[in-house]
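Chemist: Have a look; sequence and predicted model below, questions after that.
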Amino acid sequence: MNWLREGFLCVNFFFILSGFVVQYGYGDKLLSGNTSDFKFIFYRIAHLWPLHVLMLIVCAYVYTNYNSDFMSYAIKNKGFIANLFLVQSIVPDNTFAFQYNGAAWAVSTEMFFYFLFIFAVRLDLRRLIALTCLSWAVILLNIAFVKMNFPVSGWYYYINPVTRSAEFLLGMVLCHAFQAGILKPSSKKAATILECCSIIILFIFIAIGATVNIPWYWHWQVFYTIPVAILIYIFSFSDGKISQLLSSNIFQLGGKMSFSIFLCHQVILKMGKDLFFSGNSILSIPQNVFTILFIGCISGIFSIFISYFLYTYFESPINKFLKSMVK
């Protein structure tokens, strides 16, 4: 469980990668006027919000114990309203962001990043680097000397979109370095070696995180930032054999489906738990490490299949339709 618990490093990966990708995809377009601020925000909402709302409704039904009157209950709940408008991550409460579809707090934080990007993209590189360094300095000094042990500490160090903006800004800086060709591998062999080394470095950090008692306020955001940043930067050049493998059609499809997988996996795991481990279920089985891993694997595979249909028949068509409304 200690090793599996380190999966939250994916949040660091997602936020840094997001800053890199958004800068790469929209930086020049916004600065040149080819895309307006309104179009940028609208396109991001068109990509995130429809599927989020669908899964929010599904989660409201499942997490109210399959109650047919779940909508009337949900509408009266402040957490549901905050989730509906993707503002749950700004509420300073440890549990507020994890109501209903718990994974969606990251989407809420991501929306904050998009509004930040409109301003950050217009900074020259020197000021962007200065802002990024200042953001990390504030986080490190706060952790080292303040250590906020109050009721919203979990929110402050893990969910808070203001502090997590440091990762997004770091991704933007990495993109500038990539576009300038800094430390670009000189050959495919060198790129492959660097890709392998970046993976090994990340696994070393995972092993340390899983076996060493690192204070949580260091662990949540700071600990994995350097290895994740190295991994993203090395793979951004796509020159090595591993990155070429990840560029195959099946992995590209997986990348396109990743948002659907992210939003639906938690509720499917919950349904699998209810189906197999509930005392009221005819399929009730004893809980042990083997049955838990088995149900987890089955739920994971089912999540992938559901995500394919969500992406193909819901997410992608609605995204295209909404984007066609604003040209």
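Modeler: Cool, got the structure. Numbers count the residues shown, from 1 in each chain.

Chemist: Contact partners for the residue nearest to F15 when sequence neighbours are not counted?
Modeler: Residue nearest to F15 in three dimensions, not counting chain neighbours: E167, with 3.8 Å by C-beta to C-beta, 6 or more residues apart in numbering. Every C-beta, even on glycine, is put in place using the N, C-alpha and C of the backbone. E167 sits next to 12, 15-16, 19, 221, 225 when contact means C-beta atoms under 8 Å, 6 or more residues apart in numbering.

Chemist: same check, this time on E110
Modeler: 15, 18, 48.

Chemist: That one: what secondary structure?
Modeler: Using DSSP: H, G, I helix; E, B strand; the rest coil, the structure places E110 in helix.

Chemist: I'd like the distance between it and F259.
Modeler: 10 Å (C-beta to C-beta, to the nearest Å).

Chemist: Now list whatever residues contact both of these two.
Modeler: Listed as contacting both E110 and F259 by C-beta under 8 Å, 6+ apart are L48.

Chemist: And the helix ranked longest in the chain, what does it pack against?
Modeler: Counting by DSSP state H, the longest helix found in the chain is helix 249-277. If you count contacts as 3 or more C-beta pairs under 8 Å, 6 or more residues apart in numbering; DSSP states H and E, helix 249-277 packs onto helix 37-63, helix 289-310.

Chemist: Now do the longest one against helix 249-277: the angle between them, please.
Modeler: Think helix 37-63. Put simply, helix 37-63 runs at 30 degrees to helix 249-277, going by axes from the mean of the first three to the mean of the last three C-alpha atoms, to 10 degrees.

Chemist: Please apply the same query to the shortest one.
Modeler: Counting by the same axes, to 10 degrees, helix 289-310 points 130 degrees away from the direction of helix 249-277.

Chemist: can you pull the contacts of R122?
Modeler: 30-31.

Chemist: Name the SS class of it, please.
Modeler: Look at R122: counting by three-state DSSP, its state is coil.

Chemist: For it, give me the pLDDT.
Modeler: The model reports R122 with a pLDDT of 95.

Chemist: Make 24 the starting number, not 1.
Modeler: From this message on, residue numbering opens at 24, which makes the last subject R145.

Chemist: Please state the offset of stretch 155-162 from the chain centre?
Modeler: Centroid separation for stretch 155-162 versus its chain: 21 Å, with C-alpha atoms, centre = their mean, to the nearest Å.

Chemist: Tell me the pLDDT of I166.
Modeler: 83.

Chemist: try N183
Modeler: Confidence at N183, expressed as pLDDT, is 90.

Chemist: one step back: and the contacts of E133 as CSV, adding pLDDT, neighbour count and distance to I291?
Modeler: Listed next are these as CSV, based on pLDDT from 0 to 100; neighbours: other C-beta atoms under 10 Å; distance: C-beta to C-beta, whole Å:
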residue, pLDDT, neighbour count, distance to I291
F38, 96, 26, 24
S41, 96, 20, 24
L71, 93, 21, 19
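
Chemist: Nearest to K212, out of those: which one, please.
Modeler: Set against K212, the nearest of these by C-beta to C-beta is S41 (30.5 Å).

Chemist: Tell me how many other residues crowd the closest residue to G319 other than its chain neighbours.
Modeler: Nearest residue to G319, sequence neighbours excluded (C-beta to C-beta, 6+ apart): L292, at 6.9 Å. L292 has 17 neighbouring residues, counting by other C-beta atoms under 10 Å.

Chemist: What is the neighbour count of M195?
Modeler: Other residues close to M195 by other C-beta under 10 Å number 28.

Chemist: could you list every residue that touches it?
Modeler: 42-43, 45-46, 50, 140, 143-144, 151, 155.

Chemist: what's the answer for W243, then?
Modeler: Neighbours of W243 in contact, by C-beta under 8 Å, 6+ apart: 31, 180-181.

Chemist: gap between F228 and Q275?
Modeler: F228 is 28 Å from Q275, by C-beta to C-beta.

Chemist: I meant L206, not that one.
Modeler: Counting by C-beta to C-beta - L206 and Q275 are separated by 26 Å.

Chemist: Could you do H70 as well?
Modeler: Distance from H70 to Q275, by C-beta to C-beta: 17 Å.

Chemist: of the two, who's got more company?
Modeler: A direct count of neighbours by other C-beta under 10 Å for H70 and Q275 places H70 higher, at 17 against 11.

Chemist: I'd assumed N342 was in contact with the more buried one.
Modeler: Yes. With contacts counted by C-beta atoms under 8 Å, H70 reaches N342, the gap being 5.5 Å.

Chemist: So which residues of the stretch 24-173 of the chain form helices?
Modeler: 25-28, 32-55, 60-86, 93-98, 101-107, 128-143, 148-164 (DSSP state H, counting those that start in this stretch).

Chemist: again, but for the stretch 174-323 of the chain
Modeler: 176-177, 184-202, 211-234, 239-242, 248-259, 264-269, 272-300, 312-333.
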